[in-house]
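Trainee: sequence and predicted structure below; questions after.
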Amino acid sequence: MTTTPASPASEQDGDSTTAARPDRATRAAGLLPADPALRRATVLTLFNSLGNGLYFPLGVLYFTRIVGLDATAVGLGLTVAGLVGVAAGVPAGRAADRWGARQVGALLWAGTGVATAAYVLVQSYAGFLVAVVCATGLQMASRGVQGAIYADVLPAATRVEARAYLRMVTNVAMGLGGAFGAIALQLDTQGAYVTVILVNALSFVAPALMVRRLPLAPHVKERVAADAPVGDRWRAVRDLPYLAVTVLNAVLVVQYTLSEVGLPLWIVERTEAPRWTAALLMIVNCALVALLQVRVARRASQVPSAVRAMGWAGLLLAAACAVYAVSAGLSPVWAVLALAVGAVVQVFSEVLMAAGGWTLGYELADSRAHGVYQGVFGAGMSAGMMAGPALVTVTAIQHGGAGWAALAVLFAAAGLTVRPAVHWARRDGEWRGEAA
């Protein structure tokens, strides 16, 4: 494995021993990492991702086929729930700074599990709205808190590589869960759907019980022992350079819904490729992300390399859009080939964006208030994923090649604009005592 020099931020955090060998975090001890915090984080991620993957293929179908709700109404309810989740991200991060990220994360995950279990009691649209707003809102609010948890329990020098490792675990576990979910989908009975929902609910409750036992990283223990001042906890919502980086990252995050929503619609409505191509591309994506994410993260764990990663992510995503556009005029075989090439190019964009975003989200934040900063960054990601389906539909799906071109320009511009935004953020970082 390659090693990465410690960043200045890592040295300031006082974790010099781990900083010398950042690849130590993901070195296996048997089947799990050697680092105790990462090992426990792996187990809780595995539980949660298996449940999410199990539920993902049939969640919406439960409410339409079993409960009997209108599909459009269900979609509207999910949108409302997503907006609540975006709005809740920053207050949840503020709570994590005040009462501890692990404690707040445990409450959010437990609440998500209870609200998810309530799905089996839904018999009306009003009941659906209450349950889905609570479950989705709490789950999305936990995204930033989860980032703050990793900031507290993972050594700074290995944090990005560890996040990449956990993302690999997430992809593999969701793939396995999705395979079992497909079995329940094929059975298509109320009992099968209810079983999946309850297992998914347990997949939140189990991590909620485990997360409070995650050990704090040495630099956090030192800060707590020294009773260091916390500074302005709401600074993140007024930190314009950080907000600019957050928005640019959110634009690139749209590519997640491009894979999940845009491509299946594009394949069915605009190309001659068979319908199963959408599943093929999802398998390709999951497999390549699992293979590449950790390797890429090692090379984007410093701010300069993260900036380059984000720039390349935007350009590669633009190239993938161009390849997708070409697939519309091809025969079935060539359309599948073109879509597969585009999907591979997009995977490289995705892993670069994820690694670069993790690094910038942490390194540009005030380390004394990671909760609210990660809440802001997580809310930006949630907003990008919320806006993605509508954006992809009104561009590529409705306008074909011209729409893909508009998306390509947007993604390339976002990736390349990260550099001046980061320079602005680092100049503005003097309030934290950083070097400009």
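Mentor: Looks like it came in fine.

Trainee: how about the helices in the stretch 1-150 of the chain?
Mentor: Assigned by DSSP state H, counting those that start in this stretch, the stretch 1-150 of the chain shows helices spanning 8-12, 16-19, 36-55, 59-61, 71-99, 101-117, 125-153.

Trainee: ok, and for the fifth one, which residues are buried?
Mentor: For helix 71-99, burial by neighbour count (16 or more other Cβ atoms under 10 Å) applies to 74, 77-78, 81-90, 92-97. From N, CA and C alone the C-beta is placed, and that goes for glycine too.

Trainee: ok, the shortest one next?
Mentor: Within helix 59-61, the residues scored as buried using 16+ other Cβ under 10 Å are G59.

Trainee: what's the mean pLDDT across that helix?
Mentor: For helix 59-61, mean pLDDT is 81.

Trainee: same question for the second one.
Mentor: Helix 16-19 shows a mean pLDDT of 36 in the predicted model.

Trainee: what residues are up against V104?
Mentor: 92, 95-96, 145, 371 (Cβ atoms under 8 Å, 6 or more residues apart in numbering).

Trainee: ignore what I typed, I meant V307.
Mentor: 356, 360, 418-419, 422.

Trainee: what's the helix or strand for it?
Mentor: helix 303-326 (DSSP states H and E).

Trainee: buried ones in that helix, by neighbour count?
Mentor: 303, 305-321, 323-326.

Trainee: next one: stretch 406-420
Mentor: 406-408, 410-412, 414-418.

Trainee: export the helices of the stretch 1-150 of the chain to JSON lines and tack on distance to M386?
Mentor: JSON lines is the format used below for the helices of the stretch 1-150 of the chain (distance: least, Cβ to Cβ, whole Å):
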{"stretch": "helix 8-12", "distance to M386": "31"}
{"stretch": "helix 16-19", "distance to M386": "36"}
{"stretch": "helix 36-55", "distance to M386": "18"}
{"stretch": "helix 59-61", "distance to M386": "16"}
{"stretch": "helix 71-99", "distance to M386": "5"}
{"stretch": "helix 101-117", "distance to M386": "18"}
{"stretch": "helix 125-153", "distance to M386": "9"}
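
Trainee: grab the nearest non-local neighbour of T271.
Mentor: Sequence neighbours aside, A335 is the residue nearest to T271 in space, at 4.7 Å (criterion: Cβ to Cβ, 6 or more residues apart in numbering).

Trainee: same question for T257.
Mentor: Closest residue to T257 apart from its sequence neighbours, by Cβ to Cβ, 6+ apart: G388 at 2.9 Å.

Trainee: my guess is A319 meets V345, correct?
Mentor: Yes - counting by Cβ atoms under 8 Å, A319 does reach V345; the two are 5.5 Å apart.

Trainee: what's the helix or strand where F411 lies packed up against?
Mentor: Secondary structure assignment for F411, by DSSP H and E: helix 401-427. Applying 3 or more Cβ pairs under 8 Å, 6 or more residues apart in numbering; DSSP states H and E, one finds that helix 401-427 makes contact with helix 240-257, helix 303-326, helix 332-363.

Trainee: go through the helices of the stretch 1-150 of the chain and name the closest to Q190.
Mentor: For the helices of the stretch 1-150 of the chain, proximity to Q190 was assessed by Cβ to Cβ; helix 59-61 is nearest, at 11.6 Å.
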